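Enquirer: Sequence and computational prediction follow.
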Amino acid sequence: MSDENTWRSEYAIETSATPETIWSIFREVPAWKNWNAGIEQINIDGPFATGTWFTMKPPGEEALRSQLVDVRENICFVDETRVGDLVILVAHRIEPLGPARTRIVYAVDARGPQAAEIGPAVSADFPEVLASLSKLAEGTR
């Protein structure tokens with residue numbers, strides 16, 4: 001479903017890393033900048049849990065405040081960023097596929113003014129981010 005005020009997309013990669021290893025990387029929010037080139041600086045205001053806020057600054061842009069709105073250990077976390085009337089939800093899912101195979105999915109749901117323009121811009125680097133995350137997770141055994 002897509003119109004000017006709604007935009008959705010998913011990006012995925014398969015890895016040999018375990019869900020627990022991927023989760024351990026997700027939990028270490030200050031270290032996200034080490035494997036996500038779209039983050040210059042990031043700070044979390046508490047535990048990696050539903051309701052906690054964090055501040056993320058992309059390179060060359062203003063910092064954004066986001067909130068963890070759903071955190072389920074070794075399964076997924078969802079963050080929400082609001083800019084005026086625009087709401088962007090990103091679900092980061094960990095899907096076991098069988099012995100030694102896991103799929104990591106980033107699902108984006110943007111709603112509000114200019115969602116169809118901003119959604120693709122927000123997620124443009126997700127394939128590279130997933131590749132970097134997978135490489136790090138596979139090397140963290």
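Expert: Received, thanks.
Enquirer: Name the residue closest to the centre of this protein, please.
Expert: The chain has residue 92 as the residue nearest its centroid, 5.1 Å off, counting by Cα atoms, centre = their mean.
Enquirer: Point out where this protein drops to low pLDDT.
Expert: Residue ranges of the chain with pLDDT under 70: 1-3, 141.
Enquirer: Give the other helices and strands that the lengthiest strand in the chain contacts.
Expert: Within the chain, and with DSSP state E defining each element, the longest strand by residue count is strand 86-98. Using 3 or more Cβ pairs under 8 Å, 6 or more residues apart in numbering; DSSP states H and E as the contact criterion, the secondary-structure elements in contact with strand 86-98 are helix 19-27, strand 76-83, strand 101-111, helix 115-123. In this view, the C-beta of every residue, glycine as well, is placed from N, C-alpha and C.
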